[in-house]
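How does the following fold in three dimensions:
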Amino acid sequence: MPIKIPKGLPVRKILEKENIFVMEESRAITQDIRPLNILILNLMPEKQKEEAQLLRLLGNTPLQVNVTFMRTATHESKHTSHLHLEQFYTTFDKIHNRKYDGLIITGAPVEQLPFEEVDYWDELKEIMAWSRTSVTSTLNICWGAQAALYYHYGIDKVLLPRKLSGVYKHTVRVPNVKLLRGFDDVFTAVHSRYTDLDRNALAAHPEVQLLASSEEAGPFILIADKGNQIMATGHFEYDTDTLAIEYQRDLKKNIHPNLPEHYFPDDQPENKPVNTWRGHAHLFFSNWLNYYVYQETPFQWE
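Below is the predicted model:
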């Protein structure tokens, strides 16, 4: 089934080349079906890359998904054109009186800052508070996951001695949970961050359930409030070459990054990486849409 996107969204050409079924509103309204309304708060600097990564995963289920992109009003993006934002993005003040079946809050390259020092933190708190009663399920990714854990449950983050970057093995800790239905007992996923969760604070909150974790990368998939809040501290959505691009970017900035772990074959940056997380990425997003959004959301919001 298709994913419905705004008319003229440039990423459509990329998705169609990959045989992702997308349609514009003019066709979608002719179908007698209630689409899922998914709001994406895109906090990533290169917003069009994140659009493609998320739409690729959301468009691989039997459900019709109507996507709305949202940006923060209190932060000016320096890496995405003003025209693109004006044409394809909304702001919270324009949608705060609506209900959504699902919300995705992406990561952001601000994890080394205290939450209160992020320039859009007050706006994000308002959005997260609204999501508790106006969204059936919120999927929080990477820094978005850390922000949700801090805001909703008081679980802070801690700085790591060096950047965690690579493809890591994870173990399913809670078998038979719907979010991980169909998962292998051990699977891989990407992490790219400078911070980790405060493990002691996490252990003090039994209502936050840890579903999957890695010996090297720590807690990965967490769930709370019967699926109203889902947190993934890594990046299932990353493309095969995303870590390589980040590595080269950091080299040019003279940051002297460590080589992403378990990523380049033979640890040689000239070797093309192999994607080992794509299948579970699609399964994770499909399970979220089906079991925590479609199966739980009311047909008509009141």
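
avg pLDDT for the helix or strand where I40 lies?
Per DSSP states H and E: I40 is located in strand 36-41. For strand 36-41, mean pLDDT rounds to 96.

just checking, next helix/strand downstream of that strand?
Strand 36-41 is succeeded, C-terminally, by helix 47-58 (DSSP H and E).

could you check the angle helix 47-58 makes with whatever helix or strand comes next after that next one?
Toward the C-terminal end, the helix or strand that comes next after helix 47-58 (DSSP H and E) is strand 65-70. Interaxial angle, strand 65-70 versus helix 47-58 (axes from the mean of the first three to the mean of the last three C-alpha atoms, to 10 degrees): 160 degrees.

and R12, which of the three is it?
What DSSP: H, G, I helix; E, B strand; the rest coil gives for R12 is helix.

Could you do G8 as well?
coil.

what's near enough to touch it?
87-88 (C-beta atoms under 8 Å, 6 or more residues apart in numbering). In this view, the C-beta of every residue, glycine as well, is placed from N, C-alpha and C.

mind listing the helices for the chain?
11-17, 25-28, 47-58, 82-88, 92-95, 121-134, 143-153, 199-203, 242-252, 278-287 (DSSP state H).

Run the chain-centre distance for the longest one.
Meaning helix 121-134. On the basis of C-alpha atoms, centre = their mean, to the nearest Å, helix 121-134 is displaced by 16 Å from the centre of the chain it belongs to.

so what does that helix touch, helix or strand wise?
helix 92-95, strand 100-105, helix 143-153 (3 or more C-beta pairs under 8 Å, 6 or more residues apart in numbering; DSSP states H and E).

quick one: which of the helices of the chain is nearest I221?
Among those, helix 278-287 comes nearest to I221, with 7.8 Å by C-beta to C-beta.

For that closest one, list the C-alpha coordinates in PDB.
What follows is helix 278-287, C-alpha atoms only, in PDB (Å, rounded to 0.1, in the frame of the first residue of the first chain):
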ATOM      1  CA  ARG A 278      17.900  -3.200   6.600                       C
ATOM      2  CA  GLY A 279      15.500  -6.200   7.200                       C
ATOM      3  CA  HIS A 280      15.000  -5.500  10.900                       C
ATOM      4  CA  ALA A 281      14.600  -1.800  10.200                       C
ATOM      5  CA  HIS A 282      11.700  -2.500   7.900                       C
ATOM      6  CA  LEU A 283      10.200  -5.000  10.400                       C
ATOM      7  CA  PHE A 284      10.600  -2.600  13.300                       C
ATOM      8  CA  PHE A 285       8.700   0.200  11.500                       C
ATOM      9  CA  SER A 286       6.100  -2.200  10.200                       C
ATOM     10  CA  ASN A 287       5.400  -3.600  13.700                       C
END
